[in-house]
Structure formats: C-alpha cells, structure tokens
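Undergrad: return atomic coordinates for the entry below.
(chains A and B, ligands or ions: 1)
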Amino acid sequence: MKKEIIFNMKSPYRDDFRIHAFSFGKGAKSLAIVGAMRGDEIQQQYICSQLIKTLTTMEEENKISPDCKITVIPSANPFSMNIGKRFWALDGTDINRMFPGYDLGETTQRIAASLFKAIEGYEYGIQLASFYMPGDFIPHVRMLQTGYEAIEEARLFGLPYVCIRQPIPFDTTMLNYNWQLWGTKAFSVYGGQTNNIEDQSTNLTIDSILRFMKKIRVIQNFKQKPGFHAMIMAEEKLITVKADKGGIFYRLKSPNDNVRAGEIIGNIIHPYEGNIISNIISPEDGIVFFGHNKPLVLQGSPLFKIIVD
Amino acid sequence: MIKTVVSSALPIDEKLRIKKNVITNGNSKKRICIVTGTHGDELEGQYVCFEIIKRIQENITMLDGTIEVYPALNPLGIDSITRGIPNFDLDMNRIFPGNPDGSMAEAAAYAICEDLKGADMVIDIHSSNIFLREIPQVRINVDDADKLIPFAKMLNINFIWVHDAATVLRATLAHSLNSNNTPTLVVEMGVGMRINHKMGNNLVDGILNLMNNIGIWKDKIDAKLIAEPTVSRGDEVIFLNAAASGIFITEARNHTIVEKGEEIGKIVDPLTGKVCQHIFATQKGLLFTIRAYPVVYEGSLVARIHRL
Ligand SMILES: [Zn+2]
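TA: Numbering: from 1, shown residues only, chains lettered A, B, ... in the order given. The predicted structure is shown next:
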C-alpha cells in the first residue's frame, strides 16, 4: 500500500486540509474509487476504509493482478465532516458540483481539480455517492447517459439494479459525468443510508465492489460472493409517489418491499393532533426502489419511487 | 393586488407562500416583472421592490400596463438568512425551469417560470453574496447579448458583463426565460446581507426608464441622467484569487480605475502578524468586484477587474 497526500492547503485557523490517496498494485491505471465528498457521507467513507483494509491484506497475499493499479480516496472533504456540515463550510459550495475543477479558481474548484487529476485516466472509476433527497435506496449502480456509459459492465457489480438517467445541465459539473467524458468507465454506487454505517447494505456494497474488481480482473485468487443479474432501468420509468399533505411521515414500506396497487404504503400524521391526515397509496403493483426516511415531510415531496414492470 | 403564485404546506402548521404584487393601470397589455430573493442572503432587491411599488403607486396615472413585483422567490431563505432553500441541497437558481413532479423546490421553480413566461421584460435582481461587493451591473449570456444589451443600457447601471454560455448556467431562471422568448435581465449589485439605498434608487430610476422605453410608463426620464455603462465582452475580465489563506484587508474602492501593479489588498495572519500575500492588479482596468468578507482560503476570489 502506498499512501500519498494529493492535496494540501493551509487553513486560516484550522489544521491543514489534506486529501489522502491509497494505492495498491503497480502498472496500468485500472480502478479508482472515491468515497466522501460531502461531510455527511460517512457510510461512503467507511466503505472505502474497509476496502483499503481488505486491499492491504490482498496486496500482501499477492492478490492484486499484475500490471494493475488501484487507487482509493476515502474522503475529499474531511473538513466538513469534522464540523458536521454537508458542504464546504466557508461558502456552502459542493465539491461534487465543481468538476472537472480549475486549479486557479475558487477553493472547491481547486480541490476538485486536484482530486480529478489524481483519478483521471483510470480505466474504471467508482464513486460512492449520496442522493440530494433524504431517503434510502435498494443498493444499485447509477449512471448518466452521456453516450459513453458502460451499461453492460455496470452489471458486474452484481447489484440488483442499474439505473440510467438523462443528464440535466446541473449534472455536467459532477464527477461521474466528467469521468465519463474523459474516458473512464464511471459508476456511482448507491447503498443504503448516508449517515449510518451499521446498515446491512454497507456490507452488500463492499461485497459488490470486490465482486466487480474480481470480474474486471484487477484482483485475483479471490472467491467472490454470488450476485444478481441486474435489471437495467431508466430513472424516468420509476413511478414517484408524493406527499399530498405536509406533516409527520410514517413509512409502512421499505426499499425492496413488494407493493400492490391500492395498498397503503405510508401515512401522514397531523403534527399536533396525531390522527392520520393522509394515506399514501401505491398506484401500481411494483417494488419500492426509494423511500423517504425523515420524519417530517413537505407537501409535494417525493416519498417513494416504485419500480413497475 | 397581492396574488399567491405558489402555496405549499410545510410539515407543521405553516404554508410556504410565494407572492407577487400586481399593479395595473391604463389599457396597455404590456407586462414587466421584477423578481428577487432567489438567494436568501441577498437583500438589495428588497429595497428596490419597496421603492418601485411606492413610486408607481404615487404616480399611478403614469402607468400604462402591468407591473408585477415578486420580492421573495425563496421566502424561507430570506426569513432565515439562508442562501439556498432550507432543507434542500441545490441552489434555487440551478433548478429552473423546474419540474412539476419533482421536490417542493423544483415544483415551485416550475410554477414561478410558468407565471413569468410571456412577460415583455423580467428583471431578476441579485446582490452577489456575503463574500463579494459588486458595482451595479447587468450580466448577460453571450447568446442573448445582441437582444438584451440595448435594454440593459436603459437600467442606469455602471457595467454590463457579457459572459460565456456555461452549461451549468442553463438551469438559471434567466436562461430558462430567455430561451422561452421572455427577455430577462439579471442585475447584480452591492453585497449580501446589506442594503445600499443609493444603488437601489439608481436602479429604480433605471427600471422606470426602461418601462418608459417599452411603453409601460409615461413619465420620460432625461437621458442625460441615465448612466452609460461599460460593456465587457469576451476575455476582458481578470479574476484575482487568493494564493494564501488568512484575513483579507483592503483599502481599495470598488468602481475605480486601478493601474497595473497597484496593490488591491493583502492577506495577513492574525496569529504571527505577518503578511502572507500582497495582491496586485495584473492589468490596468475597472475594479468592479472586491471581496467584502475577510476570511479567505487559497483560491477565494478577492477582486475582478475589467481590463482597459
Ligand atoms: Zn443571487
């Protein structure tokens, strides 16, 4: 294992800001993995730490394939995590909206530029991402449809779903989009929750990344756990079920649960009087793909995304 | 007449309402919209909304058409000193034209856009952020420059910045409207969390002048009283970013000509008493942006100069 500081910046009052990269194996740039870019992506960072631990042992046991270099960057934003902020604390900017970065630009553009320089040119790239809405997902691989997306290879994770999405203008500043444009086969892996590391889905995500590494042959002599033959689906085909009222949300169905048309899948409860003011009903038969997981809901917020055939 | 454009329930005993004031007089079907308060920490537009409504109501017979004033596109943000929409990850000015099926913020953006479409002119007033102080200026996407510059010149501002058509800016309110044949001018002036009355009054004069030119306001304003703005096109803007982290201190005055090599400010270390960096103008030009918030990191923008 080779440990390297890829970005170091003095802060006005805090300790230096540092981004660490951990490399395994030698030779062709095969796979880069990026964990937390936001201060609440603790699960994403934790997954990277577990991969670093596993890869360290594998390297000692000669299980990294010859002419393969794997780089893991567990965090590009320890500063926000240490003080409980999601975005860059001074100006509220999001590092994952700054790619490909600019080394002479604003602070977070410089951070993005250094990170991108360290991980560009790899054949494969995995980002452990979080969603902009609060909730949990069925673990899946998510890709932007840029024209360069490697859909078939996304199946090699053996996660149950691969979700494809048309990029909107805002996406053009994200890591995944720029990675693809610069020739890396980029995948975003979404697990369960962002703030929680004791989720069962954490281990599932770690297993899926090791499975992917085995299938693309960057690790060898490793017995991977069996996976799924992923279903590929377009995000716009998911059915969104929204809150028709504001209030306290009580979720009755979780990701991966089957639901029937007409079934009550959640309640909205009056915040003071405690009675049910709305039953959330599934419009079709399907499987819950995403479920809102905060107790408060705004009127009109998406509560569920459901996969229908 | 006060109208509600968006109404949506918050979890507990409260509704989010985005409101507008619609003032109509005369026979003209023309309509101008003044919108502001997308970013909750930008307040210059609040004074402009107050002042323009007051001036129009005092001289209502001069109005021939409709003016609609939207002081707060992001009412929760203004009310809580939050730049973005509280409890929402994305900048409100990066989600237009919105989505009726999306989150509350995306649905609100959609409703706002639909409500503004078809106006003869929209003025979207911003006031930088808490970090930077800006001279009164209009920012125009290069694709809309020929169409919009003549109107921008009516606004009694000092500077017009024609900028690149960055993909990410396609999700702004102004771009969404301009690409829907609703001409929209973006004004940036002052600094976040403060109000400068003089700038506000000048812009109100400019808006009335523009309204006169497009036939909604009968009172003609003496052209000599309207400022002639510097127009910056192409690669004429120089960005000065901090090379050190520390406290930025400056004596420089915005809206002045600086010489090449002139000191704009310095970054100092309050613990050691040392100067970490002297920041010099790399070209002669018009200083139109200067940092207002003293704490800087490497990379923080400290000034912008339009090269002369
Ligand atoms: Zn703004």
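Undergrad: wait, isn't A:P134 in contact with A:L296?
TA: No. A:P134 is beyond contact range of A:L296, at 9.6 Å (criterion: Cβ atoms under 8 Å). Just so you know, the C-beta spots here come from the backbone N, C-alpha and C atoms, and that holds for glycine as well.
Undergrad: would you mind listing what in the stretch 1-150 of chain B touches the ion?
TA: B:39, B:42, B:126 (Cβ under 5 Å from the ion).
Undergrad: which one is A:T173 nearest to, not counting chain neighbours?
TA: What sits nearest to A:T173 in space, not counting adjacent residues and going by Cβ to Cβ, 6 or more residues apart in numbering or on different chains, is A:R97, at 4.6 Å.
Undergrad: next, the contact list for the closest residue to chain B within the stretch 1-150 of chain A, please.
TA: Nearest residue of the stretch 1-150 of chain A to chain B: A:T107, at 3.8 Å (Cβ to the nearest Cβ). For A:T107, the contact set (Cβ atoms under 8 Å, 6 or more residues apart in numbering or on different chains) comprises A:9, A:88, A:90-91, A:93, B:297-300.
Undergrad: now do B:T24
TA: Counted by Cβ under 8 Å, 6+ apart, B:T24 has contacts B:63, B:65-66.
Undergrad: out of those, who's nearest chain A?
TA: With Cβ to the nearest Cβ as the yardstick, the closest approach to chain A among the contacts of B:T24 comes from B:T66, at 28.8 Å.
Undergrad: and for chain B, the residue most distant from the center?
TA: B:T272 (38.7 Å; Cα atoms, centre = their mean).
Undergrad: what about that residue, which SS state?
TA: coil (DSSP: H, G, I helix; E, B strand; the rest coil).
Undergrad: by neighbour count, which of the residues of the stretch 1-150 of chain B next to the ion wins?
TA: Neighbour tally across these (other Cβ atoms under 10 Å in any protein chain shown): the maximum, 27 neighbours, falls on B:E42.
Undergrad: who touches that one in this structure?
TA: B:36, B:83, B:126-129, B:192.
Undergrad: quick check: it is in a strand.
TA: No. Using three-state DSSP, the assignment for B:E42 is coil, not a strand.
Undergrad: okay, the contacts of B:E42 in JSON lines with secondary structure next?
TA: Output for the contacts of B:E42, formatted as JSON lines (three-state DSSP):
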{"residue": "B:T36", "secondary structure": "strand"}
{"residue": "B:R83", "secondary structure": "coil"}
{"residue": "B:H126", "secondary structure": "strand"}
{"residue": "B:S127", "secondary structure": "coil"}
{"residue": "B:S128", "secondary structure": "coil"}
{"residue": "B:N129", "secondary structure": "coil"}
{"residue": "B:G192", "secondary structure": "coil"}
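Undergrad: out of those, which end up buried?
TA: B:36, B:83, B:126-129, B:192 (16 or more other Cβ atoms under 10 Å in any protein chain shown).
Undergrad: just want the most central residue of chain A.
TA: A:A129 (2.0 Å).
Undergrad: now do the helices in the stretch 1-150 of chain B.
TA: Remark: helices assigned in the stretch 1-150 of chain B by DSSP state H, counting those that start in this stretch are B:44-58, B:75-79, B:104-116, B:145-152.
Undergrad: what is the burial count for the residue of chain A found nearest the ion?
TA: Across chain A, the shortest distance to the ion (Cβ to the ion) belongs to A:G92, at 12.6 Å. Close neighbours of A:G92, defined as other Cβ under 10 Å, add up to 16.
Undergrad: ok, for it, nearest residue in space, not its chain neighbours?
TA: In space, A:G92 is closest to B:R83, 6.2 Å off (Cβ to Cβ, 6+ apart).
Undergrad: again, but for B:M121
TA: B:I32 (4.7 Å).
Undergrad: number of nearby residues for that neighbour?
TA: 21.
Undergrad: tell me the bridge partners for it.
TA: B:I32 has these beta-bridge partners by DSSP bridges: B:I67, B:M121.
Undergrad: does it really touch B:D120, like I thought?
TA: Yes. If you go by Cβ under 8 Å, B:I32 and B:D120 touch, sitting 6.1 Å apart.
Undergrad: please enumerate the shared neighbours of these two.
TA: With Cβ under 8 Å, 6+ apart, B:I32 and B:D120 have common neighbours B:214, B:216.
Undergrad: if I look at A:E120, how far off is A:G300?
TA: Distance, A:E120 to A:G300, by Cβ to Cβ, to the nearest Å: 39 Å.
Undergrad: with distance to chain A and pLDDT added, can I get the contacts of B:T24 in a markdown table?
TA: A markdown table is the format used below for those (distance: Cβ to the nearest Cβ, whole Å; pLDDT from 0 to 100):
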| residue | distance to chain A | pLDDT |
| --- | --- | --- |
| B:L63 | 36 | 98 |
| B:G65 | 33 | 98 |
| B:T66 | 29 | 98 |
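Undergrad: A:L204: which of the residues you listed is nearest?
TA: Distance to A:L204, by Cβ to Cβ, is smallest for B:T66 among the contacts of B:T24, at 57.8 Å.
Undergrad: I'd like to know how many residues surround residue 283.
TA: With no chain named, the answer covers chain A. There are 14 residues near A:P283, going by other Cβ under 10 Å.
Undergrad: actually, chain B is the one I wanted.
TA: 14.
Undergrad: and if you look at the one 10 residues further on?
TA: For B:Y293, the neighbour count with other Cβ under 10 Å is 17.
Undergrad: for the closest residue in space to it that isn't next to it in sequence, list the residues it contacts.
TA: With Cβ to Cβ, 6+ apart as the criterion, B:Y293 has its nearest non-adjacent residue at 4.3 Å, and that residue is B:F131. Counting by Cβ under 8 Å, 6+ apart, B:F131 makes contact with A:91, B:192, B:291-293, B:300-301.
Undergrad: measure B:F131 to A:G191 for me?
TA: B:F131 is 35 Å from A:G191, by Cβ to Cβ.
Undergrad: with adjacent residues omitted, what lies nearest to B:E42?
TA: B:S127 (4.0 Å).
Undergrad: looking at the helices of the stretch 1-150 of chain B, which is closest to chain A?
TA: So among the helices of the stretch 1-150 of chain B, helix B:104-116 is nearest, using Cβ to the nearest Cβ, at 4.6 Å.
Undergrad: hmm, that closest one touching chain A?
TA: Yes. Helix B:104-116 comes into contact with chain A (Cβ under 8 Å from any Cβ of the partner chain), by way of B:104, B:107.
Undergrad: and that helix, how far out from the chain middle?
TA: Put simply, helix B:104-116 sits 19 Å off its chain's centre (Cα atoms, centre = their mean, to the nearest Å).
Undergrad: got the buried residues for it?
TA: So for helix B:104-116, counting by 16+ other Cβ under 10 Å, buried means B:104-113, B:115-116.
Undergrad: and for stretch B:72-85?
TA: B:72-78, B:82-85.
Undergrad: now the end-to-end length of it.
TA: 12 Å (Cα to Cα, to the nearest Å).
Undergrad: looking at strand pairing, list the partners for B:F159.
TA: Bridge pairing for B:F159 - DSSP bridges - gives B:Q137, B:T230.
Undergrad: list the contacts for it?
TA: Residues in contact with B:F159 (Cβ under 8 Å, 6+ apart) are B:135-138, B:229-230, B:232, B:286, B:288, B:306.
Undergrad: show me the beta-bridge partners of A:G125.
TA: Note on A:G125: beta-bridge partners by DSSP bridges are A:A32, A:A186.
Undergrad: which is the next helix or strand following the lowest-mean-pLDDT helix or strand in chain A?
TA: Every helix and strand in chain A was compared by mean pLDDT, DSSP states H and E; the lowest is strand A:135-137, with a mean of 87. For strand A:135-137, the succeeding helix or strand toward the C-terminus, using DSSP states H and E, is strand A:140-144.
Undergrad: given that following strand, what are its sheet partners and their directions?
TA: strand A:161-165 (parallel), strand A:185-190 (antiparallel).
Undergrad: quick one: what helix or strand has A:K53 in it?
TA: Applying DSSP H and E as the criterion places A:K53 in helix A:42-60.
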